[in-house]
Every structure is written in structure tokens, then in C-alpha cells.
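Asks: Here is a sequence with its predicted model. Questions after.
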Amino acid sequence: MTVKYEKAKAIEKEHIIMDGVDVSGHWNRMFEQRTIFEYTPELIEKIADIPDAESFANCYQCAKCVAVCPVDVVGNYGPRKLYRYAQTGLDLTEASELWLCTTCANCLRVCPKEVNMVKIMPAAREQAILDGKFVPAELQQAFENTAKSGNPLGQPQRKRDAWIKESGVEVPIMKDLGRKVNVLWYVGSYPSYHPRGIDAASAAARIFTALGIDFAVLGKEEKDDADSQRLAGEKGLFEMMAEHNIETFNKYEWDELVVTGPHELNAFKNVYPKYGFERPVVHYTTFLARHLDQLKPLLKHPVNKKITYHDPCYLGRHNGEYEAPRQLLEAIPGVELVEMARNRQNGYCCGGGGGGMWMDSFTAKHTTMRLSEKRAMEAASTGADVLAVACPFEVSRFEDAVKSTGNEHVGVLDILELLDKSMRGE
Amino acid sequence: MSNDVFVITEHMDGKFSDVSFEMMGKARELASALGGQAVAVVVGGGVDAYVFASDATIHVDDAALSNFNPEAYGKVIEALVKEKSPKVVLIGWTITGMDIAAWLSARTGAPCAAYAKDVCVEDGALVVSSQVYGGKLTAEVVLEGDMAIVACLAGSFPAEAGQGSTVATVTATPVDLGSLKVKFVEAIKPAGGDVDITAQTKLVSVGRGIGGKENIELAEELAEKLGAALSCSRPVVDAGWLPRTRQVGKSGLKVKPKMYLMLGISGAPEHLEGMKSAELIIAVNTDKKAPIFNVAHYGATADLFEVAEEMLELL
Amino acid sequence: MNIVVAIKHIPSIADDLPVSGNNVDFDSVDFVMNEWDEQSIEQAVLIKEAVGGTVTVIGVDLIEELDNALHLALAKGADKAVKITADEPGADSHMQAKWLAEAIKGMSPDMVFAGVQASNDIDGQIGPILAAYLDMPYIGGTSSVEASDGSAMVVKEFAGGAGAKYSVGLPFVAGIQAAPKPPRYAPISKVRQIAQTATIDKVEPSGDASGRLSFKKMAPPVVTGHAEMIEGSSKEVAAKIVELIKSKGLA
């Protein structure tokens, strides 16, 4: 770092007589005002100059954010610290710190100056990518997979609806149906391809069918929402996928879009409108909670478990839905719902947001433990038998985490799977 | 026109590669089916050419041929096959043979079948089995015409049948090599100091599935705990995650360790060439259809990171 | 330096390859750029960055879907893109090389790059065939190509870090094994911007050639052996592997 200390400039008159007193030479010495350089502002300005990252400069270092930053719990992080690092010579666009933020938004919740990392991080990351700076290889792979195959897993597009046959029910596909439906269900990439995601998608298909919902899916026409890729800095990729999805959504007639994942909810509800898509979108928990009266009689079999629920950042803090998931869990006979200490607005992040889903190994190198592991330990400490989730990123994340922290006895299940269990009695 | 089967042998540092003997054995079989001779072709000096079980060995030597030079070798081989018109020319589908086979095909108009795992004569026609699409498909093709070029994958046939002591006939080069555009400058020796993976009894080998340079450490730690060295497949080297000296396979090194633990390697034919004679092959891959499971002794469809971490706990 | 990069669009091996008749069912596979072509493009752009020049990327458009690959190449630093509009998904390497040679002839290149191989090169690779048709020397398996005063310094890889350095007079064809640096990432915004503004020159296929192979059969390999599969969770798999290694006295 370069800290500049300027010596104050002296003013000294050779001969001065004031009020008859000779104050020549050093007797009259005064000093010009000195510019104090406590730090170099350039690297803060460099970030704040990036469109959407302006609020980075607002930080006045109160450190409220550090107390709630999930990454700081397992490392040395937090927006205030990033600001301070930038003061002392860290170029965020070239630093590993650039990739650790999960955009969970807990800092924004408490920040008195509205320093918005949810906007700063994607903008700074995009700059780094455009400038050809370091991008974690795992993340680059997820970008390339999304661009090539339409999903970050790199699975073939034509197999996007292959999960349907595992659901055991008929799942109509818009293209074949040729008529308007009440509900267009956007399944999502992980529920379409990941083995544990397929379990949740199949459960959802059975629940919708049992409720008699008039629904259909896009099948092979569906592509990743790419919101997490946007937050990880690939805005161009996001826009490409958004254009495709919006065109597909608009091709068909439907009343409401129901999504399996909170990231998709965030994409379609909060970001796609900027690209001209403004239609009703709900997360499945909100949608099913609306159907509680019809759903309850179907939940015939008790699930005698102590369950704790993890609030997904993009369902809770980002979109304000805290109660629907809890209502659904409480509707299941036999369920005892217990809360973790950090819940609702202060829920702890699983580490999967903002592209973290595809940077686990990278993150692991810069933290003492994975965020998902920290959360799995919190879940286990409640004495719960099951950690219930409502985001397709989370099942695989937490299943790994309960194992790696020696808490295999805690099952990880999507709320969809728990409802399905109660419905079918497995 | 003859019914002879030519084998374009290859050698480096005074030693013939295994694929030369493997093709020689196959050439004998083909020659007897076709009623011709099995002929070994040795291009370049510094090597004892009296080692093949051929009916005849042609040894072309010239100062311009003392090191492999694709242009010079190509010209010599082209002139030779045009003069002798054999029925079949076997060339290794190797880092040197790959410079010659398809070029020769285009120069002579003779068909060429690459990635060859097997060659046979059926009703007078030459039929080749090729391992294409990364080993996911096997194609059976018939080669038309008076002469056929077959580029053989190393390790496809037994080498013993090709070993012998036929006297070589040394001839001068049939073409002028005076005005070559490709000139050998110098040999590049492997950067010293790194582990010699060919000398290891145990190897932990990582493939594309390792995901990034930042994950190499985990594999290294596992290798260390097992008393093994770390090796890899080609994509890992191309991505700059490990040096060339650690690469197993066609464009890398051939290894024969007692244990070969593979993490995230799907098993492209080029990689299999380098490791399939390992004594114990264990493969961990997420794709249950990965071709490696047809070669490995033990396999598991699992997440390599989880398995590696769990193994570290246990060791 | 005038560099032409010849790319090959091939069926993706990321998924199973369905067969129709005696060949791949080209209608039901995804086509992707040959992975070694990404190395070729990187090598060409590195030379351009070092000594200046023009990089032209050219490929045979087999299924009318080559544009994406060409746009990507432009985003990574290529200057011009050309596609040969063939619409013949089954065109072999000889056929493609012939069309490429006819199109490249008029470009008077100093260097022509092709990927060292492709997974469907059953009749040989495009590179050496192209060299023969263009009457230029060929050198494949390269790990570095540097331009220097009317010639090039080429490193050809043998094995395990061993190799040889060659001086090659221009023009020539090289089969690129690897560029000295991993291929760069092209941001999609750049790719998309290029997709909207770039023009891809279209060339009619000209000339005729054939690998003269007739396909008898195409099928997944006959499995001669299969690994004994270890089932269970990652923890169980790890435990069994450790047990196995220990039982053989290897740990």
C-alpha cells in the first residue's frame, strides 16, 4: 500500500514588525493547512465508479454488517472489512474476496448507509470478468455449461423433462397441451436434473395432481433462469437466458407462474420485469399455502418428526416469504416445528447464493468451514430429526454438510418431499 | 500392386515403441490372410532394426531423418508406399503417427481408418473397428481401394507376436530431403525436479472432474496419505492445473503402477492407453456410464470430493 | 501474421450418442466445437497479440448451427469468421478438408491451425489432410507456436514433458494439441454483442473428396469386462476403497 504523508509547508517571513515588535524569522513561522492522507481512495473509487456499485463508497465503517455476515462467521469478511481492505490497497476486482459474498442481503438489512452488496458484488464481478481477471474455474465451468446446455449442470437440454417419468403421474407439457392453463410450473434446473432435485420435482408433480391443479410445464423449452449467474457477474449470460425464457413464457396462455426455487422467484419477480416480463409469479410454498384447506385433508399420514426449517435467503430476506413454508410444515400431522436461533430475517445463508453454489471448493479454501456446514450444525443443535428446506440448491448442499459434520442422523428434505410423504404415507 | 502389409514402426531415443511390435504381430496375421508379406519399415537412424518378426525389414536412413520430422518422414513413407504399393499400411495412432496417417491418405488417395482397435480381412475386404466418440461408440468400417491405411491405437494387439530378429535391408532415402520447410531444432527434455510418475508404484490420478486448480491440493493430500504420486488426464494439463510431467495417456506417459486410483476421469481411449495395464484400477466418477468402468477393476459412482475427504479421514 | 483457424463441429460426447442405421443419428445429437479447436483459437489469438496480424476462423456448417461457435471465436479475439454452408452432418474429414482447402487457398495464410484431433476423426484429422490439399507441410501435437521472422518456432509434445522444437517455414498447417495458456473465458455480453454486429462470410462448398470408408456398423462398444461397483454413500465408498487398498497391502 502507498500511504502519502505530506509534510506541512511552512510560511516564514524574513522581516516582520508587528505593533512595533520584531517577529522576524522563525518567530513568525506558520504552517499551511496540510492534506491528510489516511488512505488511498483510488481503490474505493474504482469500485464505486462501476455502475450499480456506487453505494460501496457510502460505508462509514460502523461494522453492523460484520456482525450479521454469514461469511465472517466462518472467515474474515463483511462489507466493512472489504471497504477497509480497499483503503489499504486491495483491488477488489482482483481479489479472492470478490467471490466469497453470497448476496444473502443480511448486511443490507442492518446497514444504516444502504451499502448494497447485492448490487455491488455482481457489478464488480462483471467488471472483473470483462477485464479478463481471475474467475474461479468451477464458476467458469457453470457459466459455460449454462451458455452451452441451458443449465449450470451441463446436462443435455433434450433431457430436461426426463425426470417426469420418475414422478409416476402425468405432467402435461405446454407445447403438447395446446390450451391455456391456470398454472405454468417452472421446474428449474436442479429439480430437472439433480437426483435429489428430481425427488422434489416428482413430489411437487404428485401434490399438484392430487390437488387437481390445472398445471403444465415447459419441458424441453425450459432453460435456467440464470439469476445466480447474474449475481456471480455474468450479466450477459443472464440476459441471454432471460430473453429465451420470456419469449417462451409469452408463447403460452396461463394465469400464474409457480416456481420450485427461490432464485427463480427472484429472477422472474424482481429482475425479469426490467426486461419486459411482468406477470404473476409465486414460490410453491406461497402457492400451496393458499391451497391449505384443500391440502390438509390429503395429508393423511403423520410424519412424527421434529423439524427445523431453514429460510432460503432468496425466499425470505429477498422476497419476504417467511410464513408460508412454516404453515405447510405445521399442517403435516405429527410434525413438531422447532426454530434455529438464526431464523426468518436473520436466517443464516447456506452458501449457495450469488454463484456460491458453483464455488464450493474455492470458498472452502478461504473459509474455516462451509456455510452449509455451519448451518447444518445449527440445525443439529436444535435436536431436530429433519432439516426442511424450500430451495433446490439446498438439499444437496445440506446433505453433504450433515455428513461432513457428523450429523448424518439429521435428514434433509424439501418441504415438497415432506408433504408428499404425509400424502402417500411412506 | 502387392498384397503386402507394411508397418510404419516408430522409435525414440534408440528404442522402438510397443505399438510397433503390436502392429507387426497384427501385420503377420493380415499378411497371411491376404497372401502377402509382413514388412517392417524403419525410418531414421540410431536404432537396431533387427528386432521384428517381419518377412522383410526396410530401413531408410539419412541424416535428415535422425530425429522425427513430420515432413521428412512423410515424404519418405509416401515415396516408399507409392513405389512398393502394399495392400495395407499400419501406422500408430500416436503423437508421431498422427502426423503421417491422414496426410498420407490425402496424398495417395488411399482410405485411412483411425482410432483402430482391430483390423481383419473379411471376404477379401479390409474391415477395421474404430473406437470413436471418446470410446462411446465403435464403428466397423470397410476400406475401399487398392491400398488402405490403418492408424492403430496403442495397446490394441499383443506385442510379443511382433518381436523377432529379421535382418533389415538398409536403403537410402527414396526422395530428396534437401529443401525441407520443417527443421528439427532441438530436443526438449522434461523439466527436471518433478516426480517421475512412470516409476511410482501407486498413483492417484485426477481428471476434468477435479474442477479447478484450487482442488488439486485435496488430491495431493490424498496421494500423500496413500504414499502415492499425483497424476492426471490430459484436460487437467491443458487447463494448466498440473504440469505435463504428470500426464498419463497417449500424449502423456504410459504407467503401470500397482494401484491406480482415478478421481473424475471418464476414460477416453487416449487415457486408457496410458494406464490400462495398472494392476489395481479403482475409478470414482459421477457418470455411471463413464467408459472407465469397463476397464477399472473397481468402480463407484460418487462425488470425488466427498470420497476423497472421507478417505482422508480414514487414513 | 495471417492465421486461419479451421474448426470442426462435431456431435457432443457429453451425452449418449444415438445410432441410426450405420452411423450416429445426427438429428438427435447436439453439435459442439471440437475441444481442441478451443486450443487452436487461443494459440492463434496469442500469436496475434504478440506480433499482430489477423485471425480468421473457418468451419464447415454441417447442421446450420455453426454461428454460435464462430461468434465465440470472435469474442475470444478472432477477427473474421467464415462458414462453408454444407448442411451435410455426415461429411467426413476428407470432405470437410477439401471444402476448407478450397476456401482457404484464396486467403493466402501464413499459418493454418486445426485441432490436433477430434473424437469423430474416423478417416483421420482435418489438419494433415488440409495440409496435403494445400500442399503445405504439417506438424501436429503442438504445445506452442511462436512467430519469428518469416518462420515459426513450434514445440511438438511427445510425452511427459519431453518434446522437440522445430523451425517451420511459412506457410504451414499445425495441429494444435494445447495453447501455451488455457483458453480464455469470453463474457456472454461480448459474445452477444458480436452475434448482433458481426458478419459471417458464407462460402459455398467447392470440390469433392472422400475418406472412402463405408460404414458397416456403429454401436456402443461390446463390454468385455465391467468394474465391480462399490455401492453406497460417499462415506461407504471411501471406507471400501481404503479397505481394498489395505487388503492388497498398498496402504
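Replies: In hand now; what should we look at? As the structure is a prediction and not an experimental result, all values here were calculated from the model.
Asks: residue ranges with poor pLDDT in the stretch 51-200 of chain A?
Replies: Along the stretch 51-200 of chain A, the model assigns pLDDT under 70 to no residue.
Asks: count of neighbours near B:Met12?
Replies: 19 (other CB atoms under 10 Å in any protein chain shown). Where C-beta positions appear, they are placed from N, C-alpha and C, glycine not excepted.
Asks: Ok, C:Glu102 next?
Replies: Residues near C:Glu102, counting by other CB under 10 Å: 19.
Asks: after the helix or strand it falls within comes which helix or strand?
Replies: C:Glu102 is part of helix C:93-105 when elements are defined by DSSP states H and E. Going down the chain from helix C:93-105, the next helix or strand is strand C:111-115, by DSSP H and E.
Asks: Name the residues that touch that next one?
Replies: C:1-8, C:34-37, C:39-40, C:43-44, C:47, C:104, C:125-127, C:130-131, C:134, C:136, C:145, C:147, C:152, C:170-176 (CB atoms under 8 Å, 6 or more residues apart in numbering or on different chains).
Asks: what's the answer for stretch C:183-194, then?
Replies: A:126, A:129-130, A:132, A:135, A:140, A:143-144, A:147, A:234-237, A:239-240, C:38-39, C:41-42, C:45, C:71-72, C:74-77.
Asks: filter those residues down to the ones close to chain B.
Replies: C:Gln39 (CB under 8 Å from any CB of the partner chain).
Asks: before we move on, back to that, angle of the helix holding C:Glu102 against strand C:111-115?
Replies: 150 degrees (axes from the mean of the first three to the mean of the last three CA atoms, to 10 degrees).
Asks: one step back: and the contacts of stretch C:183-194, which are buried?
Replies: Buried members of the contacts of stretch C:183-194, counted by 16 or more other CB atoms under 10 Å in any protein chain shown: A:126, A:129, A:135, A:140, A:143-144, A:147, A:234-237, A:239-240, C:38-39, C:41-42, C:45, C:71-72, C:74-77.
Asks: Which members of the residues you listed occur in helices, if any?
Replies: A:126, A:129, A:140, A:143-144, A:147, A:235-237, A:239-240, C:38-39, C:41-42, C:45, C:71-72, C:74-75 (DSSP state H).
Asks: State the paired neighbours of the helix or strand in which B:Glu140 is found in the sheet, together with their directions.
Replies: For B:Glu140, the host element (DSSP H and E) is strand B:137-143. Strand pairing for strand B:137-143, using DSSP bridges, gives strand B:125-132 (antiparallel), strand C:213-219 (antiparallel).
Asks: May I have the last one exported as CSV, CA atoms only?
Replies: These are the backbone C-alpha positions of strand C:213-219, laid out as CSV (Å, rounded to 0.1, in the frame of the first residue of the first chain):
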residue,chain,number,x,y,z
LEU,C,213,-14.8,-45.6,-45.8
SER,C,214,-18.1,-47.5,-45.9
PHE,C,215,-19.8,-47.9,-42.5
LYS,C,216,-20.8,-51.5,-41.7
LYS,C,217,-21.9,-50.9,-38.2
MET,C,218,-21.9,-48.3,-35.4
ALA,C,219,-22.7,-49.4,-31.9
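Asks: Do whichever helix or strand comes after it and chain B come into contact?
Replies: Helices and strands here follow DSSP H and E; after strand C:213-219, the next one along the chain is strand C:228-229. Yes. Using CB under 8 Å from any CB, strand C:228-229 reaches chain B at C:228-229.
Asks: ok so B:Leu80 is a strand residue?
Replies: No. Counting by DSSP: H, G, I helix; E, B strand; the rest coil, B:Leu80 is not part of a strand but helix.
Asks: got a list of contacts for the helix holding C:Glu102?
Replies: B:102, B:105-106, C:4, C:6, C:8, C:58-60, C:82, C:84, C:86, C:88, C:91, C:112, C:118, C:121-126, C:129-130, C:133-134, C:203, C:205-212.
Asks: for chain C, what are the nearby residues on the stretch 51-200 of chain A?
Replies: Close to chain C, as judged by CB under 8 Å from any CB, the stretch 51-200 of chain A has residues A:126, A:129-130, A:132, A:135, A:140, A:143-144, A:147-149, A:154, A:156-159.
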